[in-house]
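Peer 1: Below is the structure, and that's it, no one-letter string:
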DNA sequence: GCACAAATTTAGGTATCTCTAAAACTGTGC
DNA sequence: GCACAGTTTTAGAGATACCTAAATTTGTGC
Ligand SMILES: [Mn+2]
Ligand SMILES: [Mn+2]
Ligand SMILES: [Mn+2]
Ligand SMILES: [Mn+2]
């Protein structure tokens, strides 16, 4: 029903999509925490989204996206991840800085802009953090990589994806020469950290579990 | 006083800057026409801008920018024209399509984005329509070119600037192979049109006065 | 000077998105 | 079953940026 989504509606839809990756309903409070607003504000926005048939709201029992809500969320995620890729590849942004810029611009670029940066980038499937970029058709490329935490030493792996939600982790990793595509050898697995050898720098790096649990890898 | 300018405040400041190029005060109604809002809306926004010391408002006698209002307006114009240049040069937009996209994005790019596209473009002084791009210091490059309407035939000229306010004119000109930097020879000056030879295409084009008055040229 | 039309401002209202405080609901623990 | 803590919704209000309609002011034409 609703054709024009406001900046806020788009942010709510994107957040609900992220929080329902496990296919369950998401409670009001989770959305409030994620968006840094009060639960009462979430309730009123949810009501608005439900009126537009973008979410299914069962009072006191959380919310889930409808098909059209999911489509709108994926459209925004496509904008976000294409922008992150473009900022990184074409404008030389650090992978720790792309999120903030993309999170604003995603709401304001046109479909023409989207198409142009996508084709300029060769229609990429993954963003600078290895997150999958939905196609124009809303299909998400696969992300089959296991967490590095679950890979026993010794092993040689290629970094495919990093949980980008903690800026500190991104800064730490790039300072050690570790990014998407980097190949490493796991030398030792301890209970609170692992030791790896970064093949491009030939340096040995100690990765605390807080970092290891954020890395997803291809085993080779 | 005001540190954070809203999208709307920025649009009003930009508009007031444009409408006071002649260094006079601008009346409420002109601003209302330009921004497609009601005069009453202009009055209340002007009040807000005056509270922030961005404009000088004398009740019933129009408005002018203060020094800090002018600085804010130029900052927005720099964003706009850098974006137009970037969209045109880096993303292949037609010069008729850059305005709409830039007019939205100008409010949402960061200073880092501004700096990166500026240096990527080699710190350009003019946008795709020949409009001057203010420097980070707020200085506008010169635009000394006379209107083609005032150049008597015969003459050979280079197009330096186009009044980009009418999209139709931009579409017409590019369809004839005429853009910034194009060299033409004025063959004949009539009262309602001129005939020119476009050197790059070796074609003769009839330009109605409605177009001629929008072109500014270097005489060679 | 003064009437009068045009421009401008004031007054009051709508829509969006947020907040705080109070009320209502839910489900667990006994 | 029922109290009670935690969650969620409702109620009411503030900020922003518009609107329409009703004053108010201005300056020109006589
Ligand atoms: Mn966002
Ligand atoms: Mn990302
Ligand atoms: Mn604008
Ligand atoms: Mn321009």
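Peer 2: The structure has been received and is ready for your questions. The model shown is predicted, which means the values in this text are computed figures rather than measured ones. Numbers count the residues shown, from 1 in each chain, chains lettered A, B, ... in the order given. Ligands and ions are numbered 1, 2, ... in the order given.
Peer 1: Would you mind giving the secondary structure of residue A:86?
Peer 2: For residue A:86, the reduced secondary structure class is helix; criterion used: DSSP: H, G, I helix; E, B strand; the rest coil.
Peer 1: center of chain A, which residue is that?
Peer 2: Against the mean C-alpha coordinate of chain A, by Cα atoms, centre = their mean, the closest residue is residue A:131 at 5.2 Å.
Peer 1: what's the spacing between the nearest residue to that residue once chain neighbours are set aside and DNA strand C?
Peer 2: Distances taken as Cβ to Cβ, 6 or more residues apart in numbering or on different chains place residue A:81 nearest to residue A:131, at 5.8 Å, with adjacent residues excluded. Quick note: C-beta positions are derived from backbone N, CA and C, even for glycine. Distance of residue A:81 to DNA strand C, computed by Cβ to the nearest atom of the strand, to the nearest Å: 22 Å.
Peer 1: just residue A:177 next, same as before
Peer 2: Separation of residue A:177 from DNA strand C (Cβ to the nearest atom of the strand): 39 Å.
Peer 1: Just to check, that residue is in contact with residue A:200?
Peer 2: Yes: with contacts counted by Cβ atoms under 8 Å, residue A:177 reaches residue A:200, the gap being 5.7 Å.
Peer 1: that older thread, so what's the residue nearest to the centre of chain A scoring on pLDDT?
Peer 2: Looking at residue A:131, its pLDDT stands at 98.
Peer 1: And it, its phi and psi?
Peer 2: When read as degrees, to the nearest 10, the backbone of residue A:131 gives phi -80, psi 140.
Peer 1: ok, it - contacts?
Peer 2: A:81, A:143, A:161, A:164 (Cβ atoms under 8 Å, 6 or more residues apart in numbering or on different chains).
Peer 1: ranges for the strands of chain A?
Peer 2: For chain A, the strands defined by DSSP state E cover A:55-57, A:63-65, A:155-162, A:183-189, A:193-198, A:203-208, A:215-219.
Peer 1: Report the buried residues of the last one.
Peer 2: Neighbour-count burial for strand A:215-219, with 16 or more other Cβ atoms under 10 Å in any protein chain shown as criterion, is recorded at A:215, A:216, A:217.
Peer 1: Which neighbouring elements make contact with it?
Peer 2: On a contact count with 3 or more Cβ pairs under 8 Å, 6 or more residues apart in numbering or on different chains; DSSP states H and E, strand A:215-219 meets strand A:155-162.
Peer 1: is ligand 2 contacted by stretch A:143-155?
Peer 2: No: using Cβ under 5 Å from the ion, stretch A:143-155 stays clear of ligand 2, coming no nearer than 12.0 Å.
Peer 1: Can you pull the residues of chain A lying near DNA strand C?
Peer 2: A:6-9, A:35-38, A:40-41, A:44-45, A:48, A:59-61 (Cβ under 7 Å from any atom of the strand).
Peer 1: how about a cut-off of 10 Å?
Peer 2: Counting by Cβ under 10 Å from any atom of the strand, chain A comes close to DNA strand C at A:2, A:4-12, A:32, A:35-45, A:47-49, A:51, A:58-62.
Peer 1: quick one: low-confidence parts of chain A?
Peer 2: A:1-3 (pLDDT under 70).
Peer 1: Tell me how it divides into domains.
Peer 2: Under the assignment automatic domain parsing, the domains of chain A span A:7-65, A:75-140, A:148-219.
Peer 1: could these go into a markdown table alongside distance to ligand 3?
Peer 2: As requested, the domains of chain A are arranged in a markdown table below (distance: least, Cβ to the ion, whole Å):
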| stretch | distance to ligand 3 |
| --- | --- |
| domain A:7-65 | 15 |
| domain A:75-140 | 10 |
| domain A:148-219 | 30 |
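Peer 1: what's the closest of those domains to residue B:92?
Peer 2: Closest to residue B:92 of these, according to Cβ to Cβ: domain A:75-140, at 6.6 Å.
Peer 1: any idea how far the closest one is from the chain center?
Peer 2: Centroid separation for domain A:75-140 versus its chain: 11 Å, with Cα atoms, centre = their mean, to the nearest Å.
Peer 1: So which bits of stretch A:106-125 are buried?
Peer 2: For stretch A:106-125, by 16+ other Cβ under 10 Å, it's A:106, A:107, A:108, A:109, A:113, A:114, A:116, A:117, A:118, A:120, A:124, A:125.
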